Structures are given as C-alpha cells and as structure tokens.
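A.B. asks: here are the coordinates; sequence isn't available:
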C-alpha cells in the first residue's frame, strides 16, 4: 500500500534555531517527492521537488534531502523565523502513465516561538 | 498570474442540508482536482478532471458527493445531504495538464457541519 509517514507530528522551536522534519514513504512506482508548506487557512504551496536521481534541493532557508534507497526524505529549516510556523507536508508522486496521483503525508505542525 | 480561486471561504450548515463549493482554476490549466482535508490530516483526493471529463473519482462518496466541470473551466463540488464527518477543508487545485505534476492549490473552503 502506498503510504507517506511524517515525524514528528508537531514541533515547537525558538526563533533562530534550526530544525529537521522527516518523511518515510512506501510508494511505487516513485516519480518525485515534494515538500509543501501550508499556512493556517491557506492551501499548500510547493517548497521543493526532487526526482529519483536528486539527493538534495534548496529553496532559501529550506533544504530537502532524498535517499531513494531507504525511501527517506528530510526537510531542514535553517535560522527559523516566526513566519515558518505552518504545517509541512511531504508528498510523493507515483506518476507512471496517464495520471499523476499524489500521496500526501499527514504533515508536521511547526510552531516557531519568539 | 492569478491563482486558484475558491468560494465561499467558510460555510456552516446543519446535517442533512446541502452545500456547494465553487472553484476557478488558473487560466489555461486543463487538470482540476478536489481534495478533502480533515483537521490534522493531509489532503485526500476526491475527484480529478481533465478538461470536462472525470479522470479519477475512486475516493468520492458518490451517494452524497457530486462534482462537475461542464465547460472545462470552473468546477462545483456538491454535498447532499451533509453529515457531521464531512466537516473539513475542501481544497481545489489545478495543473497545466495530466503529465504536469505541479499542482497549485486554492485557499480552500472550510466547512463545518453541525
């Protein structure tokens, strides 16, 4: 069964600190992995996308890594800001033909405190 | 470029009532998706359209949910009759085409069924 699991479920950190969010998946065939940021009351916004051959991808203070062998990904946030408070969702695509079905994780709720 | 528009943003109804949500995708996007996101969970795909045809509605509770995209642009999602467990955020997303995996999400409609 295609699944995406994320940890931790929630996380509280102080402003300026770094943090790492984890994502494990059992999706086949694998096409790519995205990290989305979802602010409260808004739709998800894509942060990074990685294909099978990519190990790391950065977007400003966000750095995602992918280990396709162990089927694990992480999202590292450097020097956190209050605006980073949001839900971070790992999404894996099993696109292998006519459709691009996305399998969503349940998300990690991050709260950055001053 | 205008994003995905949804309305209403919030809706409160009593169980057994009917409700309809509207979505206007990004101009030129052929593929449109409706997701249900229950609090604390990742989005779950309800239905996917390619132009005005249904590509995937395997997770749509067809006894009470219906959706249409008659002219291949705007779409409506209807629930009739609503149940308490339908309380969720309903997200609309669009992408250029089936093979294009970047999905752009609208702000969602938050439904509360009392």
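C.D. replies: Arrived safely. For clarity, every value in this text was computed on a predicted model and none was experimentally measured.
A.B. asks: now residue A:11, nearest residue through space, not along the chain?
C.D. replies: Leaving aside its chain neighbours, residue A:11 sits nearest to residue A:110 (5.2 Å; criterion: C-beta to C-beta, 6 or more residues apart in numbering or on different chains). Just so you know, the C-beta spots here come from the backbone N, C-alpha and C atoms, and that holds for glycine as well.
A.B. asks: who does that neighbour bridge with?
C.D. replies: residue A:11, residue A:86 (DSSP bridges).
A.B. asks: which residues touch residue 5?
C.D. replies: Just going to use chain A. When the contact criterion is C-beta atoms under 8 Å, 6 or more residues apart in numbering or on different chains, the partners of residue A:5 are A:23-25, A:105-106.
A.B. asks: Chain B was what I was after
C.D. replies: By C-beta under 8 Å, 6+ apart, the residues touching residue B:5 are B:23-24, B:106.
A.B. asks: near chain A, from those?
C.D. replies: With C-beta under 8 Å from any C-beta of the partner chain as the criterion, the members of those in contact with chain A are residue B:106.
A.B. asks: Need the contacts of residue B:5 in a markdown table (columns: neighbour count, pLDDT and secondary structure).
C.D. replies: What follows is the contacts of residue B:5, written out as a markdown table (neighbours: other C-beta atoms under 10 Å in any protein chain shown; pLDDT from 0 to 100; DSSP: H, G, I helix; E, B strand; the rest coil):
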| residue | neighbour count | pLDDT | secondary structure |
| --- | --- | --- | --- |
| B:23 | 25 | 97 | strand |
| B:24 | 18 | 96 | strand |
| B:106 | 24 | 95 | coil |
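A.B. asks: Output the contacts of residue A:5 in CSV; the columns should cover secondary structure and pLDDT.
C.D. replies: Output for those, formatted as CSV (DSSP: H, G, I helix; E, B strand; the rest coil; pLDDT from 0 to 100):
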residue, secondary structure, pLDDT
A:23, strand, 97
A:24, strand, 96
A:25, strand, 95
A:105, coil, 93
A:106, coil, 90
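A.B. asks: residue contacts, the closest residue to residue B:74 other than its chain neighbours?
C.D. replies: Distance criterion C-beta to C-beta, 6+ apart; nearest residue to residue B:74, sequence neighbours excluded, is residue B:24 at 5.2 Å. Neighbouring residues of residue B:24 by C-beta under 8 Å, 6+ apart: B:4-6, B:73-74.
A.B. asks: Residue B:102 too?
C.D. replies: Applying C-beta under 8 Å, 6+ apart, one finds that residue B:102 lies in contact with A:46, A:49, B:95-96.
A.B. asks: Mark which of the residues you listed are buried, thanks.
C.D. replies: For the contacts of residue B:102, burial is judged from neighbour counts taken by 16 or more other C-beta atoms under 10 Å in any protein chain shown, and it is met by A:46, A:49, B:95.
A.B. asks: Of the contacts of residue A:5, keep whichever come out buried.
C.D. replies: Members of the contacts of residue A:5 that pass the buried threshold by neighbour count (16+ other C-beta under 10 Å) are listed as A:23, A:25, A:105-106.
A.B. asks: Which members of the residues you listed are the farthest-apart pair?
C.D. replies: Among these, the pair separated by the greatest distance (C-beta to C-beta) is A:25 and A:106, at 12.4 Å.
A.B. asks: Could you find the closest non-adjacent residue to residue A:52?
C.D. replies: Counting by C-beta to C-beta, 6+ apart, the nearest residue to residue A:52 once its immediate chain neighbours are dropped is residue A:68, at 5.2 Å.
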